[in-house]
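Asker: A predicted structure for the sequence below; I have some questions about it.
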Amino acid sequence: MSAHLSDFLIHWAIMSLSLWVASYVFNGIKFSDKSSLLVSALMLGFVNAVLRPILLILTFPLTIVTLGLFILVVNALMIMLVAKLVNGFKLSGFWTAFFVSIFIALFSLFIEYFLPSQGVVIMNSGNTISV
């Protein structure tokens, strides 16, 4: 299996796990079944890869004025867009999407930190030390 494919599958699994845990932590996010959860995670990854960078460029002045806090609004809008596009993904409103986006970012960061490929590598005179 290709390294890119395995990285994609790992990130998709992490996003799926993050959304699944978020659906238990927050009352305003629901999935009708497992397939809607998996499709939502796939769609959220796609939207974050394609649409989010465009929105970040367009809203750059507003992001500067708000000292970066507007990025949280963009993240919430991405989740709301996916909820509109995927059948079986129910979201109660903006504030739920806002806090879910923060939760997903922190939870994903926490999970990815413990993956073997994400560790810090320090090279010192030919010796490699993995942390």
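Answerer: Perfect, I can see it now.

Asker: looks like Phe70 contacts Thr59 (just checking).
Answerer: Yes - when contacts are counted by C-beta atoms under 8 Å, Phe70 is listed as touching Thr59 (5.9 Å). The C-beta positions use only the backbone N, C-alpha and C, and glycine is treated the same way.

Asker: element containing Lys30?
Answerer: Per DSSP states H and E, Lys30 falls inside strand 29-31.

Asker: helices or strands up against that strand?
Answerer: Here strand 29-31 touches helix 3-25, strand 89-91, going by 3 or more C-beta pairs under 8 Å, 6 or more residues apart in numbering; DSSP states H and E.

Asker: quick check: the closest residue to Val39 other than its chain neighbours vs Phe60, distance?
Answerer: Leaving aside its sequence neighbours, Val39 sits nearest to Val86 (C-beta to C-beta, 6 or more residues apart in numbering; 5.4 Å). Going from Val86 to Phe60 by C-beta to C-beta, to the nearest Å gives 28 Å.

Asker: same question for Leu19.
Answerer: As judged by C-beta to C-beta, Leu19 and Phe60 stand 28 Å apart.

Asker: what sits against Asn87?
Answerer: 32, 36 (C-beta atoms under 8 Å, 6 or more residues apart in numbering).

Asker: and it, that's in a helix?
Answerer: No - secondary structure of Asn87, determined by DSSP: H, G, I helix; E, B strand; the rest coil: coil, with no helix assignment.

Asker: who's in contact with stretch 62-79?
Answerer: 44, 47-48, 51-52, 55-56, 59, 91, 94, 97-98, 100-102, 104-105.
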